[in-house]
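Student: I need the structure of the sequence given here:
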Amino acid sequence: MTTAPQLAAADALPFDLVQRLLGHALAGGAPSVEVFAPATGAKITDLPQSSVTDIEAAFATARAAQQEWARVPVGERAALLGRIHDLVLAEQDTILDIIQLETGKSRVHAFDEVSDVAVNTRYYAAEGKSILAHRKPRGVMPVLTQVEVRNRPKGVVAVISPWNYPLALGASDALPALLAGNAVIGRPDNQTALTLLWAIDIAERAGLPKGLWQAVLGRGAVVGTEVIARADYVDYTGSSATGRTIAQQAGERLIGYSLELGGKNPLLVLADADVSAAAKIAVRACFASAGQLCESIERIYVHDTVYDQFVTEFVAHTKKLGLGKTLDYSYEIGSLTFPRQIDTISKHVDDAVAKGATVLAGGKARPDLGPYFYEPTILAGVREGMTVYREETFGPVVSVYRVFSDDEAVAQANDTAYGLNASVWSRDTAHGREVAARVRAGSVNVNEGFIAAWGSVAAPSGGLGISGTGRRHGPEGLLKYIDTQTIAVQRVLPIAPLPGMSEQLWAKTMTLYLGVMKTLRQK
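Tutor: Residues are numbered from 1 along each chain as shown. As a prediction, this is how the structure comes out:
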């Protein structure tokens, strides 16, 4: 592994910028917490925390603002997203610095978050009006029954976003909720709160009325519970364990929720794959954001006939990755974000090695770079009984397995409770599609790792099994934030027996009518 230059003392956030961003948080009723840059240990800020009173005030403001916002034409709301798109791209240097300092990730992977917001805002700005348009389906009695289906915003949506992709998952989920006519209360992780506050700042400078998108700050076990107790819908990205708790809390209140949770994602290299291309792209698929990505690959199944070539090239590419912490594009892999991540990774790798696995690349922490650096790691010989075999690592660790058929590869890929993302490699794309359709995952990429499906924001994205429920992206990612109201107007004749008609004659008449409608193929 190569090492990039160290972070200079001047690479810090301007004081006036931090203070401006903190002004967007409704917090201050609880003791503040210190936030440090994981890559360097330097202090970023004292982060204020929200009290229950702060949360109540945020919801009161949001409900008042939402009533006005819901009356704004959808076209005007969509135009706002277009302006946000332009500001995010124009001011990306600032948010890239913030993301890097708060998460420790490399700049190239921080830019993935900027791209995510850009493609989402562009898509919803262009398609939101048609997706949210009222519909006029056929009534029970054509012409006589006129039906209109209207879309109504949920009200106040809670977006509980994680630390690993704070802009992509904090902003790109909130913006379609706002487009649908809702207000949003965001609850970011304390570690990455400034990133979300920057997004709110950008949105307000683009024209979003104040009070529509607010942030409350604090630990999830305290603040998250209070937010869910008041929200009309909950959008959460994080661990499967916490997702279950949120589902229970939302279920008690009979409110909707969308959960994107963990993954133990497989990549399948079939016998007819372009091995060199697969080995190169697999590096990014496994190690983006130091593996702290829900869609990242943790298991690779390679056909016996191409196994040796793939592993040789994959290991060579991985060993060339640079580790660093400067605020630039000079390296590929940054720091992990929390000590718990490096503890989990070390335990998974050490357990596997102790039970007979072989380290092909990496396999050790790099305290010489910073407290939470760990080398991109490839394991072979992993088997049932090793912790890393089934548990999500959520770090730069991947296991490679030799298989002897497509059927074996698919069976191994599906041998998990998770089902978020997968990747299939084949020169024959028809063959690749066929195998992909057999993999149990919400998204499957053919000849790509995760970006093809994730970046195609016109298509839904989400998990199966314990990887979650609900979808982001596409029409589904917007319509989840609305309720439908059906208005049916009956004209001229009632849907009931005419004066003097017996119930028996009415039943016979309706029987004839229903049969005719089926013959005419009327829906």
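Student: every contact and neighbour count from this point should use C-alpha atoms.
Tutor: Noted.
Student: and the residue lying closest to residue 486 once chain neighbours are set aside, which of the three is it?
Tutor: Sequence neighbours aside, residue 149 is the residue nearest to residue 486 in space, at 4.5 Å (criterion: CA to CA, 6 or more residues apart in numbering). Using DSSP: H, G, I helix; E, B strand; the rest coil, the structure places residue 149 in strand.
Student: contacting residues around residue 149?
Tutor: 134, 135, 136, 137, 484, 485, 486, 487 (CA atoms under 8 Å, 6 or more residues apart in numbering).
Student: what about 6 Å?
Tutor: 134, 135, 485, 486 (CA atoms under 6 Å, 6 or more residues apart in numbering).
Student: most neighbours, which of these?
Tutor: Ranked by neighbour count under the definition other CA atoms under 10 Å, those are headed by residue 134 with 16 neighbours.
Student: per-residue confidence at it?
Tutor: The model reports residue 134 with a pLDDT of 95.
Student: which ones are touching it?
Tutor: Per CA under 6 Å, 6+ apart, neighbours of residue 134: 149, 150.
Student: residues near residue 505, how many?
Tutor: For residue 505, using other CA under 10 Å, the count is 12.
Student: what of the one 3 residues further on?
Tutor: Counted with other CA under 10 Å, residues neighbouring residue 508 total 12.
Student: same deal with the one 10 residues further on?
Tutor: Neighbour count for residue 518, taken as other CA under 10 Å: 10.
Student: wasn't it part of a helix?
Tutor: Yes - assessed with three-state DSSP, residue 518 lies in a helix.
Student: in this protein, where is pLDDT below threshold?
Tutor: Judged by pLDDT under 70, the chain has its weakly predicted residues at 1-11.
Student: middle-most residue in it, spatially?
Tutor: The residue lying closest to the centre of the chain (CA atoms, centre = their mean) is residue 169, at 5.2 Å.
Student: which of the helices or strands spans it?
Tutor: Element membership for residue 169, per DSSP states H and E: helix 166-171.
Student: tell me the first helix or strand C-terminal of that helix.
Tutor: helix 174-179.
Student: now that following helix, how far from the centre of its chain.
Tutor: 14 Å (CA atoms, centre = their mean, to the nearest Å).
Student: give me the next element, helix or strand, following it.
Tutor: Toward the C-terminus from helix 174-179 - assigned by DSSP H and E - lies strand 183-187.
Student: so which elements touch that following strand?
Tutor: strand 156-160, strand 213-215 (3 or more CA pairs under 6 Å, 6 or more residues apart in numbering; DSSP states H and E).
Student: and the contacts of residue 149, which of them are in helices?
Tutor: If you go by DSSP state H, these have nothing in helices.
Student: nearest to residue 245, of the residues you listed?
Tutor: residue 485 (29.9 Å; CA to CA).
Student: helix/strand/coil for the closest residue to residue 307 other than its chain neighbours?
Tutor: Spatial nearest neighbour of residue 307, chain neighbours left out: residue 402 (6.4 Å); criterion: CA to CA, 6+ apart. For residue 402, the assignment made with three-state DSSP gives strand.
Student: dump stretch 77-94 to PDB, keeping only the CA atoms.
Tutor: Once non-C-alpha atoms are left out, stretch 77-94 reads as follows in PDB (Å, rounded to 0.1, in the frame of the first residue of the first chain):
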ATOM      1  CA  ARG A  77     -41.000  23.000  -6.000                       C
ATOM      2  CA  ALA A  78     -39.300  21.200  -8.900                       C
ATOM      3  CA  ALA A  79     -37.500  24.300 -10.000                       C
ATOM      4  CA  LEU A  80     -36.100  24.700  -6.500                       C
ATOM      5  CA  LEU A  81     -34.400  21.300  -6.900                       C
ATOM      6  CA  GLY A  82     -32.800  22.500 -10.100                       C
ATOM      7  CA  ARG A  83     -31.300  25.500  -8.300                       C
ATOM      8  CA  ILE A  84     -30.000  23.200  -5.600                       C
ATOM      9  CA  HIS A  85     -28.400  21.000  -8.200                       C
ATOM     10  CA  ASP A  86     -26.500  24.000  -9.600                       C
ATOM     11  CA  LEU A  87     -25.400  25.300  -6.200                       C
ATOM     12  CA  VAL A  88     -24.100  21.900  -5.000                       C
ATOM     13  CA  LEU A  89     -21.900  21.500  -8.100                       C
ATOM     14  CA  ALA A  90     -20.700  25.100  -8.000                       C
ATOM     15  CA  GLU A  91     -19.800  24.900  -4.300                       C
ATOM     16  CA  GLN A  92     -18.600  21.400  -4.200                       C
ATOM     17  CA  ASP A  93     -15.100  22.200  -2.800                       C
ATOM     18  CA  THR A  94     -16.600  23.300   0.500                       C
END
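Student: quick one, helices of the stretch 201-350 of the chain?
Tutor: For the stretch 201-350 of the chain, helices defined by DSSP state H, counting those that start in this stretch occupy the ranges 225-228, 240-253, 275-287, 304-319, 339-354.
Student: and those helices, which is most packed in?
Tutor: Compared across these, helix 275-287 shows the largest average neighbour count, a mean of 22 (mean count of other CA atoms under 10 Å).
Student: helix 304-319 and that one, what's the angle between them?
Tutor: 50 degrees (axes from the mean of the first three to the mean of the last three CA atoms, to 10 degrees).
Student: quick one: contacts of helix 275-287?
Tutor: Contacts of helix 275-287 (CA under 6 Å, 6+ apart): 296, 297, 310, 313, 314, 396, 449.
Student: can you count the residues close to residue 522?
Tutor: Counted with other CA under 10 Å, residue 522 comes out at 10.
Student: over to residue 113?
Tutor: That count, for residue 113 with other CA under 10 Å as the rule, works out to 20.
Student: for the stretch 351-500 of the chain, just list every one of the strands.
Tutor: Assigned by DSSP state E, counting those that start in this stretch, the stretch 351-500 of the chain shows strands spanning 358-361, 377-380, 397-403, 421-425, 443-446, 468-469, 482-490.
Student: dump the ones you listed to CSV, plus distance to residue 454.
Tutor: Formatted as CSV, the strands of the stretch 351-500 of the chain follow (distance: least, CA to CA, whole Å):
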stretch, distance to residue 454
strand 358-361, 28
strand 377-380, 24
strand 397-403, 20
strand 421-425, 9
strand 443-446, 8
strand 468-469, 16
strand 482-490, 23
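Student: return the most buried member of those.
Tutor: strand 421-425 (a mean of 30).
Student: ok so, going back, the helices and strands packed on strand 183-187: which one's closest to residue 459?
Tutor: That would be strand 156-160 among the helices and strands packed on strand 183-187, by CA to CA, at 20.7 Å.
Student: ok now do residue 420, which residues does it touch?
Tutor: 263, 441, 442, 463, 467.
Student: quick one: buried ones out of those residues?
Tutor: Among the contacts of residue 420, those buried by neighbour count (16 or more other CA atoms under 10 Å) are 263, 441, 442, 463, 467.
Student: all strands of the stretch 1-150 of the chain, in order?
Tutor: 2-3, 30-36, 43-49, 145-153.
Student: just send those strands back as a markdown table, with distance to residue 234 too.
Tutor: What follows is those, written out as a markdown table (distance: least, CA to CA, whole Å):
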| stretch | distance to residue 234 |
| --- | --- |
| strand 2-3 | 41 |
| strand 30-36 | 24 |
| strand 43-49 | 21 |
| strand 145-153 | 13 |
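Student: among these, which comes closest to residue 220?
Tutor: strand 43-49 (11.5 Å).
Student: tell me the strands beside that closest one, with direction?
Tutor: strand 30-36 (antiparallel) (DSSP bridges).
Student: can I get the strand it pairs with as CSV, trimmed to CA atoms?
Tutor: What follows is strand 30-36, C-alpha atoms only, in CSV (Å, rounded to 0.1, in the frame of the first residue of the first chain):
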residue,chain,number,x,y,z
ALA,A,30,-28.7,19.9,26.0
PRO,A,31,-24.9,19.9,26.6
SER,A,32,-22.8,20.0,23.5
VAL,A,33,-20.4,17.3,22.4
GLU,A,34,-17.0,17.5,20.9
VAL,A,35,-16.5,16.2,17.3
PHE,A,36,-13.1,15.2,16.0
